[in-house]
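Colleague: only geometry, no sequence info:
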């Protein structure tokens, strides 16, 4: 095989890689970028047919920019399939049409397992490219993962899509979607486990009904209502505010999710929480009909300087009596949010002194993370409340918003002065970490259902 780093001279000229079983050679090829997989044909005669008989990975980012669409089209035309993974995000779909008008049909016909299409060239004001009906009408049976970004779903989706019997992950990023389209996609995907849904202008209402869904990652920009209608296996709902568009008030309704264990981030200034038929308000009295007792990991964002947000924080906590891991992110006033209120100058010590016990804090919370803790008076009052009420707390992690090493001493001094021996004993090893470390940890664990995605 030559005198390079892969020379066989040290093995008596024997080509040991080519001597491997064809199943192993195929496993190697299917993990290579498409250009490298095609080049293996020159290694030895035994490799020449392998790239055509092995499921390939086609990522257009691996192709040279000059002629990228032409090369992608040629691979789609020449390889008989199946394709393990196709990702088209760096060449325009118009250029693909010019090179090979039937490329959508070939994707569907050649047993694609993972498909990602991104109209990356779309710029504001967005002109969305409509997804060709051929992609969904004939190829849904083989798809296991489908990622669509900056696209429009076909008109009459139920009439053109045959169903997705093997689809386990669906990701829709700023893809023009109606509520009816989303309902159909969920209903037509009987083994779907993960839904990633970041929407912009449409739909106004999102209704989730799925017998198989386990994880939902939802970015709500201008949606007015997000309802879990019926999701018996749903374990986690994770909300995040997209980095674009102003997020108004959103009704989050949990109608039926008996196995829900992870929920967040909920924000009083953004989310109106509804459990069953009950809206959670400042004066809501905890009862069976206002609780989600299965939730074990809860994440909340609150502006401690706004008294009504602090009160809603307590109301939210009363809805989840069995939480054992609590994440709270301290946020500042954001004028871009219409529902955000300016902080009060008054301190809230009297509120925390008078508030009645919160069951999850008193009896269940063992781990707590306070993110973007700045150490101001409002946050300090909450920390004092924890010292007197979080009887089961075993660890406290404080994440500072910027480099502030004095914060470590300040937090520990506050704990020493709390007057609560058990709190001081368990939290004397408070960790104060930088936001860079924390953000990296979250991004790595977000999609792993076995771990706390916020921790």
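Modeller: Arrived safely, thanks for sending. The structure presented is a predicted model; accordingly, all values stated were derived computationally and were not measured.
Colleague: so where is the stretch 1-150 of the chain shaky, pLDDT-wise?
Modeller: 1-23, 26-27, 29-30, 32-49, 51-52, 120-127, 138-139 (pLDDT under 70).
Colleague: so where do the strands sit in it?
Modeller: 56-59, 83-88, 114-118, 129-130, 145-149 (DSSP state E, counting those that start in this stretch).
Colleague: quick check: pLDDT value at the one residue sitting closest to the centre of the chain.
Modeller: Nearest residue to the geometric centre of the chain (Cα atoms, centre = their mean): residue 217, 4.0 Å. The score at residue 217 is 87. That number is its pLDDT.
Colleague: quick one, helices of the stretch 101-250 of the chain?
Modeller: 103-109, 133-139, 157-160, 179-187 (DSSP state H, counting those that start in this stretch).
Colleague: quick check: residue 140 vs residue 160, distance?
Modeller: From residue 140 across to residue 160, the span is 10 Å (Cβ to Cβ, to the nearest Å). C-beta: built from backbone N, CA, C; applies to glycine.
Colleague: go on, residue 72?
Modeller: 24 Å.
Colleague: so the two - more neighbours on which side?
Modeller: Counted by other Cβ atoms under 10 Å, residue 72 and residue 160 do not tie: residue 72 has more neighbours, with 25 against 18.
Colleague: which one is residue 327 nearest to, not counting chain neighbours?
Modeller: Distance criterion Cβ to Cβ, 6 or more residues apart in numbering; nearest residue to residue 327, sequence neighbours excluded, is residue 299 at 3.9 Å.
Colleague: over to residue 113?
Modeller: Distances taken as Cβ to Cβ, 6+ apart put residue 144 closest to residue 113, at 4.9 Å, once the chain neighbours are dropped.
Colleague: residue contacts, that neighbour?
Modeller: Residues near residue 144 by Cβ atoms under 8 Å, 6 or more residues apart in numbering: 113, 114, 166, 167, 168, 169.
Colleague: cool, and residue 93?
Modeller: Per Cβ under 8 Å, 6+ apart, neighbours of residue 93: 117, 119, 129.
Colleague: give me the buried entries from those residues.
Modeller: Neighbour-count burial (16 or more other Cβ atoms under 10 Å) applied to the contacts of residue 93 gives 117, 119, 129.
Colleague: looking at the residues you listed, which is nearest residue 65?
Modeller: Nearest to residue 65, judged by Cβ to Cβ, of the buried ones among the contacts of residue 93 is residue 119 at 17.5 Å.
Colleague: distance of the nearest residue to the closest one once chain neighbours are set aside from residue 97?
Modeller: Among residues not flanking residue 119 along the chain, residue 150 sits closest, at 3.9 Å (Cβ to Cβ, 6+ apart). For residue 150, the distance to residue 97 equals 17 Å [Cβ to Cβ].
Colleague: if you count what's nearby, which of these two comes out ahead?
Modeller: Taking residue 150 and residue 97 together and counting by other Cβ under 10 Å, residue 150 has the greater number of neighbours (21 against 15).
Colleague: which residues touch residue 72?
Modeller: With contacts defined as Cβ under 8 Å, 6+ apart, residue 72 is in contact with 58, 60, 63, 88, 91, 96, 99, 103.
Colleague: check those against residue 210 and report the nearest one.
Modeller: The closest of the contacts of residue 72, once distances to residue 210 are taken by Cβ to Cβ, is residue 88, at 27.5 Å.
Colleague: which residues touch the closest one?
Modeller: 58, 60, 72, 96, 116, 117, 118.
Colleague: that's a strand at the residue nearest to residue 327, yeah?
Modeller: Yes: checked against DSSP: H, G, I helix; E, B strand; the rest coil, residue 299 lies within a strand.
Colleague: so it versus residue 371, what's the distance?
Modeller: Here the criterion is Cβ to Cβ. By it, residue 299 lies 9 Å from residue 371.
Colleague: what do the two both touch?
Modeller: When contacts are counted by Cβ under 8 Å, 6+ apart, residue 299 and residue 371 have 327, 328, 329 as shared neighbours.
Colleague: are any of those residues buried, and which?
Modeller: 327, 328, 329.
Colleague: looking at those residues, which is nearest residue 378?
Modeller: Checking those one by one against residue 378 (Cβ to Cβ), the nearest turns out to be residue 328, at 12.4 Å.
Colleague: quick one: pLDDT of the closest one?
Modeller: For residue 328, the pLDDT comes out at 94.
Colleague: just the residues contacting the one helix or strand it maps to, thanks.
Modeller: When elements are assigned from DSSP states H and E, residue 328 belongs to strand 325-330. Residues outside strand 325-330 that contact it (Cβ under 8 Å, 6+ apart) are 264-265, 296-304, 313, 317, 360-361, 365-374, 379, 452, 454-455.
Colleague: and what about residue 454, helix, strand or coil?
Modeller: Per three-state DSSP, residue 454 ends up coil.
Colleague: contacting residues for it?
Modeller: Residue 454 neighbours (Cβ under 8 Å, 6+ apart): 264, 265, 297, 299, 327, 369, 442.
Colleague: from the residues you listed, which would you call buried?
Modeller: The neighbour count (16+ other Cβ under 10 Å) marks 264, 265, 297, 299, 327, 369 as buried among these.
Colleague: if the spatially closest residue to residue 290 that is not a sequence neighbour is in a bridge, with which residues?
Modeller: Take residue 290 and drop its neighbours on the chain: the residue closest to it by Cβ to Cβ, 6+ apart is residue 278, 4.9 Å away. Beta bridges link residue 278 to residue 275, judged by DSSP bridges.
Colleague: cool, residue 86 as well?
Modeller: Beta-bridge partners, per DSSP bridges, of residue 86: residue 58, residue 115.
Colleague: and for it, the neighbour number?
Modeller: Residue 86: 23 surrounding residues under other Cβ under 10 Å.
Colleague: quick check: residue 183 touching residue 209?
Modeller: Yes: between residue 183 and residue 209 there is a contact at 6.6 Å, judged by Cβ atoms under 8 Å.
Colleague: mind pulling up the pLDDT for the closest residue to residue 332 other than its chain neighbours?
Modeller: Using Cβ to Cβ, 6+ apart and skipping residues adjacent in sequence, the residue nearest residue 332 is residue 303, 6.6 Å away. Per-residue pLDDT puts residue 303 at 93.
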